[in-house]
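>>> have a look at this prediction, sequence included:
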Amino acid sequence: MFYCTSCGNEFAKWSGQCPKCLEWGTLKEVPNEKIRIKKRGNEKNFFSSLQNKKLSEYNNQNESKRILTKISEFDRVLGDGVVYGSVNLISGEPGVGKSTLLLEICSKLSGVYFSAEESGSQVFNRAVRIGLDPEKINFIQTNSLENILKFLEKEKPKFIVIDSVQTFFSQDIESLPGSISQVKKVATEITNFCKREGITAILVGHYTKDGDIAGPKVLEHIVDTVLSFEGEARSELRALRSIKNRFGPVGEVGFFKFSNGKLISVDNPSEFFVPSKNESTTGIATTAVLEGERVFLVEVEALAVPTNFGFPKRSAENFSQKRLELLCAVLATKGNLPEILNYDIYIKPAGGFSIKDHSSDLAVCVAIFSAIKNHPIKNDTFFSGEVSLSGNIFLSSQMEKREKEAKRIGFQNFLKNKKEKIFEFLKKI
């Protein structure tokens with residue numbers, strides 16, 4: 001059979017375009033796995049009965065309770081703590097620090113750590129290395145879903161970690177761990193049991209080479225919260241981003257500093273993303289980024305190199321490539337900067353942070369202008385605004401909040417008018 005890596009739907013034959021989500025080249029072939037059918041009546045389901053009730057009768061106070069892990073950035077991303085009885089999925093590239101973070105959380109909450117990837121001695125050595133008390137962590141090494149469910153049925157722990165969901169398997173499915181059916185089965189069974197018994201769980205997921213969560217898309221629909229742990233292996237900064245959250249804000253981001261094998265919460269990320277605060281340097285402009293409910297400043301670095309070919313190159317790291325090409329076209333036609341067509345342009349935010357907020361358009365344009373004209377930008381100003389195809393600059397949303405954060409660390413907004421043309425604005429710099 002074939003399944004779509006974008007929407008997770010399954011099909012009997014291959015086609016170039018997914019019939020459901022209409023994405024191209026996303027159908028992948030997987031073996032048609034045999035599933036042992038259990039007898040009906042012995043299974044326990046989260047929805048045990050069909051009863052017609054008023055919605056007010058489902059007011060469960062336990063589901064509104066939150067468990068504070070006392071790791072400030074982790075609690076912030078989830079919306080002031082983990083919801084009691086919720087099932088959460090955290091994914092990230094190998095070595096980014098997922099297991100280290102969850103081991104510390106497990107220690108603080110006296111939880112049970114299920115691992116099919118590492119032995120007990122490996123986890124023990126990591127716990128000692130980062131200064132945790134191994135006595136506060138219960139560890140079970142297994143890769144069997146049935147063993148997990150038996151333990152949960154007997155012990156009823158309050159908090160568990162499953163590391164990772166792609167490495168566990170069920171005996172009901174004749175396929176290797178990590179297959180589509182196995183991942184669905186493992187995630188569904190654990191979710192149903194935890195919901196029924198009020199157990200809080202965190203599942204660890206793998207990343208694909210494209211930077212997406214491995215496994216079927218339905219995995220993200222099963223759980224309550226999906227978190228992405230991002231960061232470069234050579235960088236000491238890590239970002240925890242909320243992709244889905246049924247109990248709190250989506251898009252919230254928390255930052256950690258990876259130092260001596262430990263993850264330390266970063267309460268003021270602007271210090272990391274504005275390294276040139278006291279310098280006036282060409283090709284650098286500062287913007288105020290809004291992620292969830294949080295505002296912080298980020299430097300945008302631009303480099304302009306004379307092109308050796310007829311077609312100038314546009315390269316962006318941790319920034320949208322298409323957005324960069326669009327802004328370069330606007331600068332060439334509406335920004336009175338035709339010489340940009342003779343330069344290769346390179347863009348990169350400082351600190352390895354990935355900018356998705358369109359309010360950074362103005363800072364990117366200013367950094368490119370500064371790099372081409374060799375004109376330094378004032379080190380006490382920030383630029384926040386969206387640039388349209390017509391060359392108009394529009395003020396960013398929640399500008400008061402952005403200005404408040406900038407003022408706190410000694411910056412002021414350079415854009416004062418609600419609507420301004422890009423070529424007129426660049427003349428003032």
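Perfect, thanks for sending it.
>>> just the helices in the stretch 101-250 of the chain please.
120-129, 145-155, 180-197, 218-222 (DSSP state H, counting those that start in this stretch).
>>> could you report the neighbour count for the closest residue to residue 387 other than its chain neighbours?
Leaving aside its sequence neighbours, residue 387 sits nearest to residue 361 (Cβ to Cβ, 6 or more residues apart in numbering; 4.1 Å). From N, CA and C alone the C-beta is placed, and that goes for glycine too. Residues near residue 361, counting by other Cβ atoms under 10 Å, number 25.
>>> SS state for residue 361?
Three-state call for residue 361 (DSSP: H, G, I helix; E, B strand; the rest coil): helix.
>>> got the domain ranges for the chain?
For the chain, automatic domain parsing gives the domain ranges 1-32, 66-265, 271-428.
>>> among those domains, which is nearest residue 51?
The closest of these to residue 51 is domain 66-265. By Cβ to Cβ, the value is 15.7 Å.
>>> quick one: that closest one to chain centroid distance?
Distance of domain 66-265 from the chain centroid (Cα atoms, centre = their mean, to the nearest Å) equals 14 Å.
>>> start and end of it, how far apart?
20 Å (Cα to Cα, to the nearest Å).
>>> low-confidence regions, the stretch 201-350 of the chain specifically.
Within the stretch 201-350 of the chain, the stretches with pLDDT under 70 are 208-212, 214-216, 233, 278.
>>> thinking again about what came up before, redo the domains of the chain as JSON lines? Include distance to residue 55.
Below are the domains of the chain laid out as JSON lines (distance: least, Cβ to Cβ, whole Å):
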{"stretch": "domain 1-32", "distance to residue 55": "30"}
{"stretch": "domain 66-265", "distance to residue 55": "17"}
{"stretch": "domain 271-428", "distance to residue 55": "28"}
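>>> quick revisit: now the helices of the stretch 101-250 of the chain in TSV, with mean neighbour count and distance to residue 15?
Listed next are the helices of the stretch 101-250 of the chain as TSV, based on neighbours: other Cβ atoms under 10 Å; distance: least, Cβ to Cβ, whole Å:
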stretch	mean neighbour count	distance to residue 15
helix 120-129	14	44
helix 145-155	15	33
helix 180-197	20	18
helix 218-222	18	20
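>>> now these as JSON lines including distance to residue 243?
As requested, the helices of the stretch 101-250 of the chain are exported to JSON lines (distance: least, Cβ to Cβ, whole Å):
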{"stretch": "helix 120-129", "distance to residue 243": "26"}
{"stretch": "helix 145-155", "distance to residue 243": "25"}
{"stretch": "helix 180-197", "distance to residue 243": "16"}
{"stretch": "helix 218-222", "distance to residue 243": "8"}
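>>> how about those helices, which one is nearest residue 350?
Each of those has some distance to residue 350 by Cβ to Cβ; the shortest is helix 120-129, at 29.7 Å.
>>> who are the packing partners of the closest one?
Using 3 or more Cβ pairs under 8 Å, 6 or more residues apart in numbering; DSSP states H and E, the elements in contact with helix 120-129 are helix 98-109, strand 138-141.
>>> output it as PDB - backbone C-alpha positions only.
Extracted in PDB, the C-alpha atoms of helix 120-129 (Å, rounded to 0.1, in the frame of the first residue of the first chain):
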ATOM      1  CA  GLY A 120      20.100   1.500  32.100                       C
ATOM      2  CA  SER A 121      23.800   2.100  32.500                       C
ATOM      3  CA  GLN A 122      23.800   4.700  29.700                       C
ATOM      4  CA  VAL A 123      20.900   6.500  31.200                       C
ATOM      5  CA  PHE A 124      22.400   6.300  34.700                       C
ATOM      6  CA  ASN A 125      25.700   7.800  33.500                       C
ATOM      7  CA  ARG A 126      23.800  10.700  31.800                       C
ATOM      8  CA  ALA A 127      21.800  11.400  35.000                       C
ATOM      9  CA  VAL A 128      25.000  11.500  37.100                       C
ATOM     10  CA  ARG A 129      26.700  13.700  34.500                       C
END
